[in-house]
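Chemist: sharing a model that was predicted from the sequence below.
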Amino acid sequence: MTGKQVISLNACTISQRDQLVLRHVDLSISKGEFVYLIGKTGSGKSSLLKTIYGDLAIEEGEGEVVGFDLRLLKRKAIPLLRRKIGIVFQDFQLLTDRSVAENLLFVMKATGWKDKKKMQERTQEVLDAVGLSTKGYKFTHQLSGGEQQRVAIARALINDPELILADEPTGNLDPETTRDIMRLLFSISEKNRAILMATHDYSILQYFPSRTIRCENETLQALEAKII
């Protein structure tokens with residue numbers, strides 16, 4: 001871990017549709033950290049993630065994410081912010097009418113890649129990194145749930161982000177596949193990337209303990225990993 005902060009929120013107020021969600025939010029996450037975000041449905045986990053990737057504005061306080069000041073963030077700068085953040089969703093959000101490689105190339109084109117050779121090389125690099133080196137030609141519907149989530153993680157790695165936000169990434173997976181995905185995510189964080197992972201599956205915290213924060217009563221609370 002370098003100690004460089006990739007998320008720094010200070011005394012932030014977060015609202016959605018004029019409804020207060022979280023208040024007095026203080027959160028610092030450094031490169032290489034793996035942090036769990038837990039809490040009941042509706043407690044503010046998704047709103048916090050949306051704030052971090054620029055979908056919700058901070059109403060009070062200060063916030064900086066991967067070098068972007070969230071209070072000064074203009075709409076046209078949001079795509080630039082998101083190029084430095086990888087996002088992994090519970091339901092994969094893959095293009096089912098395209099191959100694995102085509103899913104990754106689609107993201108590259110959308111984020112400004114031009115050189116076809118470099119795009120092909122990067123596609124193979126991220127597939128190697130997630131253990132799918134020979135699956136680029138397959139259509140996503142031909143893959144298991146665990147493999148599809150690995151593709152989603154590969155997609156999140158495309159632009160070599162400093163930060164990965166994982167929103168219930170194991171929510172649709174069986175226990176054994178969940179552990180495989182968690183080992184992969186931890187190996188990624190060990191390469192000096194920060195990961196903030198929202199989860200309802202508290203058993204993961206027992207198998208893979210790490211720093212844990214909880215959304216509760218409109219606030220963020222720091223917890224010991226085993227106290228849930």
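Modeler: All right, it came through fine.
Chemist: what's the neighbour count on S203?
Modeler: Using other Cβ atoms under 10 Å as the criterion, S203 is surrounded by 12 other residues. C-beta coordinates here come from the backbone N, C-alpha and C atoms, glycine included.
Chemist: brain fart, L49
Modeler: By other Cβ under 10 Å, the residues close to L49 number 20.
Chemist: residues in contact with it?
Modeler: By Cβ atoms under 8 Å, 6 or more residues apart in numbering, the residues touching L49 are L37, L165, D167, L196, A198.
Chemist: helix or strand for the fourth one, which one?
Modeler: The secondary structure element spanning L196 is strand 194-198 (assigned by DSSP states H and E).
Chemist: and that strand, what does it pack onto?
Modeler: Under the contact definition 3 or more Cβ pairs under 8 Å, 6 or more residues apart in numbering; DSSP states H and E, strand 194-198 sits against strand 5-16, strand 19-30, strand 34-38, helix 45-52, strand 163-167, helix 175-189.
Chemist: could I get these as CSV with distance to V65 and mean pLDDT?
Modeler: Formatted as CSV, the helices and strands packed on strand 194-198 follow (distance: least, Cβ to Cβ, whole Å; pLDDT from 0 to 100):
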stretch, distance to V65, mean pLDDT
strand 5-16, 5, 94
strand 19-30, 9, 94
strand 34-38, 14, 96
helix 45-52, 5, 93
strand 163-167, 7, 95
helix 175-189, 17, 94
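Chemist: okay, the ones you listed in a markdown table with distance to D69 next?
Modeler: Compiled in a markdown table, these are given as follows (distance: least, Cβ to Cβ, whole Å):
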| stretch | distance to D69 |
| --- | --- |
| strand 5-16 | 10 |
| strand 19-30 | 15 |
| strand 34-38 | 21 |
| helix 45-52 | 13 |
| strand 163-167 | 15 |
| helix 175-189 | 25 |
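Chemist: what is the most centrally placed residue in the chain paired to in the beta sheet?
Modeler: Of all residues in the chain, the one closest to the mean position by Cα atoms, centre = their mean is L165, 1.5 Å from it. Beta-bridge pairing of L165 under DSSP bridges involves I87, L196.
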